[in-house]
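[1] sharing a model prediction with you, sequence too.
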Amino acid sequence: MSNELNDRLRAALRPVDPGESFTQGVLARIAGEPPGLRVSAHRAVRMLELRWLSGALLAVAAAGFLVAHQWQARQHAQQGQEARRQVMEALRVTSEKLDLAYQVVKDKEHSGA
């Protein structure tokens, strides 16, 4: 029974020549299309490759911009930290000098009184 099913499937799925009229109809239809619509398989593959390549280049460029932005943000943060350190040092020195001036004025008041 299985051989009979196999034989019937093979018979149903065997290649069949569509005939000369079908071939002529397809060729006539292709000839009737404007030249811009005809795309060879090689050209279609090439167009897909170019699309993929342009997408990949765009992704690489976006990643590069992101890395550059992060680097710049890190640089600004480091500059901010250095500026903060310098301001704190200036305030400390100013405080010491004011304390010294206060002590000098206070000592002169006590010694002059």
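    Yes, it's here.

[2] hey, let's count contacts and neighbours off CA atoms from now on
    Will do.

[3] show me where the chain has its helices.
    Shown for the chain, the helices assigned by DSSP state H span residues 2-13, 20-32, 41-112.

[4] any chance of those in a markdown table, plus mean pLDDT?
    A markdown table is the format used below for the helices of the chain (pLDDT from 0 to 100):
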| stretch | mean pLDDT |
| --- | --- |
| helix 2-13 | 83 |
| helix 20-32 | 81 |
| helix 41-112 | 92 |
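
[5] including mean neighbour count, could these go into a markdown table?
    A markdown table is the format used below for the helices of the chain (neighbours: other CA atoms under 10 Å):
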| stretch | mean neighbour count |
| --- | --- |
| helix 2-13 | 10 |
| helix 20-32 | 11 |
| helix 41-112 | 12 |
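
[6] and residue 102, how far is that from residue 108?
    Look at residue 102 and residue 108: by CA to CA, to the nearest Å, they are 10 Å apart.

[7] actually, residue 32.
    112 Å.

[8] please apply the same query to residue 64.
    Taking CA to CA as the measure, residue 64 falls 66 Å from residue 108.

[9] same question for residue 20.
    Counting by CA to CA, the gap from residue 20 to residue 108 is 123 Å.

[10] again with residue 15
    Shown here: residue 15 relative to residue 108, a distance of 119 Å by CA to CA.

[11] same question, residue 4
    Distance of residue 4 to residue 108, given as CA to CA: 126 Å.

[12] likewise residue 101?
    Separation of residue 101 from residue 108 (CA to CA): 11 Å.

[13] for stretch 94-113, list the C-alpha coordinates in PDB.
    Taking C-alpha atoms only, stretch 94-113 is exported to PDB below (Å, rounded to 0.1, in the frame of the first residue of the first chain):
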ATOM      1  CA  THR A  94      41.100  82.200  52.800                       C
ATOM      2  CA  SER A  95      39.700  80.900  56.000                       C
ATOM      3  CA  GLU A  96      43.200  80.400  57.400                       C
ATOM      4  CA  LYS A  97      44.200  84.000  56.400                       C
ATOM      5  CA  LEU A  98      41.100  85.500  57.900                       C
ATOM      6  CA  ASP A  99      41.700  83.600  61.100                       C
ATOM      7  CA  LEU A 100      45.200  84.900  61.200                       C
ATOM      8  CA  ALA A 101      44.100  88.500  60.500                       C
ATOM      9  CA  TYR A 102      41.500  88.200  63.200                       C
ATOM     10  CA  GLN A 103      44.100  86.900  65.700                       C
ATOM     11  CA  VAL A 104      46.400  89.800  64.900                       C
ATOM     12  CA  VAL A 105      43.600  92.400  65.300                       C
ATOM     13  CA  LYS A 106      42.500  90.700  68.500                       C
ATOM     14  CA  ASP A 107      46.100  90.700  69.900                       C
ATOM     15  CA  LYS A 108      46.600  94.400  69.100                       C
ATOM     16  CA  GLU A 109      43.400  95.300  70.800                       C
ATOM     17  CA  HIS A 110      44.500  93.400  74.000                       C
ATOM     18  CA  SER A 111      48.000  94.800  73.900                       C
ATOM     19  CA  GLY A 112      46.800  98.400  73.200                       C
ATOM     20  CA  ALA A 113      44.100  98.400  75.800                       C
END
